[in-house]
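Asks: The sequence isn't on hand, but the structure is:
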């Protein structure tokens, strides 16, 4: 025996009897549920009626175009992307204010966070929707956009914001969602900023960086790396929470799924399909964020 | 008070007091440092020696008295403190390099952001100072890949990149392994030989004797004794200084 002896092999991970029993129990539960649905419920499965709502044939050109469900998915995706951007901006500003030396800024941001976190999302969205869409949007002139104008009727607009006729409706839902999620992002950003060592602030100030540069160049890049996991979780939550805005008639996936379920009366198929669509969407983002996280980790070394 | 070359002092501290809550951290501090002068501040821990140099660039705020840097008063809540900080380099006990940036970026961020220096010009400047601290070959690495002594030399170069008029050292070798200390002290001695104005808080008495024009001994937030290194080490005037020196030499 000398130092060059190879280390003993790691013990192999094996499934034990307990594992098999657990698998069997899970399989049993699933089989029982399937049996109930099939035999006791007497349900007439018809997937094609629901799948027809994914894509349809365009009567004019004869080509295949997205139908209600895929349109809804696109709207959900648009909502999520814009709301994420807006929520991130609000979250970073408010998160910084939470740590500010200025009392007024601290009070404003604290009130914002506490107000939103302590009201059910549905109630908040009703209040804000009727306030924003009935008061602020007319004042801002959002209703007056030229729906046949060059930009509004362009393809770029359709890709970015969907149907111009539904733009103010889309905007209302997006702002609601962003304001709601930003409160949680605020707290994540605050925790991130506060987790940065005091010495980093001091060193950045000592070389004469302006307060804005201290934050942008030194503190936020480090904070963002630390908060990437909870932030990614919050972004995925945002996608799922976007279903709430179906209550204020934003024509996203859940809203249109309700219509499809009502039209076809195929409730199970519709919601299983929609659940699958949400899963694919959210899981893709989870994978993407995990990838970004690994890259950030590598860059830090 | 002693003044390097008789002109206006670079740093002039008069009657400065500071409290943490009820605790008096600094009491009636008076000192001035002339251009080119090297001052070592020593004393037991908690004596306020770090606090006073941190007041000079307002990382800490004093509550009474005046601090002038190049004749400009620095005070809490002042608007253009950044302009003063750009002339005052600082080196910390815990290095405080920016871990998300390469060594080169750590050095260039100051000139690029503060003076609008171009990236390439700032990089030339940075390489010049990295050469001076004998660490140019590490420019593309990240701080975590360097030893403590190397990190501290980078921190010195980072401060020098702003081409400060004065350098403040806050116990620069206290967080280092013994074998790393001399490399950092050598850089500081070279800097002193080049005529940099320096205020060093340090327990390295060998360094103090070699480099300092003046030793300031502090205890309980007050300046207890001031003198040349020879006078202070060989013939301390106060009992507190004698006790401090005997404890240092006891090992």
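Replies: Nice, thanks for sending it over. Being a predicted model, the structure only gives us computed values, none of them experimental.
Asks: Just checking, which helix or strand succeeds the least confident helix or strand in chain A by mean pLDDT along the chain?
Replies: Lowest mean confidence among the helices and strands of chain A (mean pLDDT, DSSP states H and E): helix A:137-140, at a mean of 76. Where DSSP states H and E defines the elements, the next helix or strand beyond helix A:137-140 is helix A:155-161.
Asks: And the contacts of that following helix?
Replies: A:78, A:151, A:164, A:167, A:170 (C-beta atoms under 8 Å, 6 or more residues apart in numbering or on different chains). No exception for glycine: its C-beta is placed from N, CA and C like everyone else's.
Asks: where's the fourth one, which helix or strand?
Replies: Meaning residue A:167. Here residue A:167 is assigned to helix A:167-194, by DSSP H and E.
Asks: who's in contact with residue 238?
Replies: Chain wasn't specified; assuming chain A. Residue A:238 is in contact with A:80, A:83, A:84, A:87, A:177, A:181, counting by C-beta under 8 Å, 6+ apart.
Asks: let's do chain B instead
Replies: Residue B:238 neighbours (C-beta under 8 Å, 6+ apart): B:217, B:224, B:225.
Asks: how near is it to chain A?
Replies: Per C-beta to the nearest C-beta, to the nearest Å, residue B:238 is found 32 Å from chain A.
Asks: quick one on the thing from earlier: please narrow the contacts of residue B:238 to those residing in strands.
Replies: Mapping the contacts of residue B:238 onto strands (DSSP state E) picks out B:217, B:224, B:225.
Asks: What's opposite the closest residue to the last one other than its chain neighbours in the beta bridge?
Replies: If the residues on either side of it in the chain are set aside, residue B:225 comes closest to residue B:217, at 4.3 Å by C-beta to C-beta, 6 or more residues apart in numbering or on different chains. Beta-bridge pairing of residue B:217 under DSSP bridges involves residue B:42, residue B:225.
Asks: mind listing what residue A:232 touches?
Replies: Under the criterion of C-beta under 8 Å, 6+ apart, the neighbours of residue A:232 are A:285, A:286, A:289, A:290, A:292, A:293.
Asks: In those residues, find the pair that's most separated.
Replies: A:285 and A:293 (12.2 Å; C-beta to C-beta).
Asks: could you pull out the strands for the stretch 1-150 of chain A?
Replies: A:55-57, A:64-66 (DSSP state E, counting those that start in this stretch).
Asks: what about the longest helix in the chain?
Replies: All of this refers to chain A. The helix that spans the most residues within chain A, counting by DSSP state H, is helix A:267-300.
Asks: that's the other chain; I wanted chain B
Replies: Longest helix in chain B, counting by DSSP H: helix B:178-193.
Asks: so does the helix or strand following that helix get close to chain A?
Replies: Using DSSP H and E, the helix or strand that directly follows helix B:178-193 along the chain is strand B:197-201. No - on the criterion C-beta under 8 Å from any C-beta of the partner chain, strand B:197-201 is out of touch with chain A, staying 13.6 Å away.
Asks: in the next helix or strand after strand B:197-201, what counts as buried?
Replies: Reading on from strand B:197-201 to the C-terminus, the next helix or strand found by DSSP H and E is helix B:205-211. Of the residues in helix B:205-211, B:205, B:207, B:208, B:209, B:211 count as buried by neighbour count, 16 or more other C-beta atoms under 10 Å in any protein chain shown.
Asks: give me the low-pLDDT residue ranges for the stretch 151-300 of chain A?
Replies: A:299-300 (pLDDT under 70).
Asks: Would you mind giving the secondary structure of residue B:14?
Replies: At residue B:14 the chain is in strand, as set by DSSP: H, G, I helix; E, B strand; the rest coil.
Asks: and if you look at the one 4 residues further on?
Replies: Here residue B:18 is strand, with the state taken from three-state DSSP.
Asks: can you tell me which residues contact it?
Replies: Contacts of residue B:18 by C-beta under 8 Å, 6+ apart are B:24, B:25, B:26, B:48, B:51, B:55, B:60, B:61, B:62, B:63, B:64, B:221.
Asks: Excluding residues flanking it in the chain, which one is nearest the fourth one?
Replies: Just to be clear, that refers to residue B:48. Using C-beta to C-beta, 6+ apart, the closest residue to residue B:48 is residue B:221 (4.0 Å).
Asks: what are the phi and psi values for that neighbour?
Replies: Main-chain dihedrals, residue B:221, degrees, to the nearest 10: phi 80, psi 10.
Asks: Around it, how many other residues sit close by?
Replies: 22 (other C-beta atoms under 10 Å in any protein chain shown).
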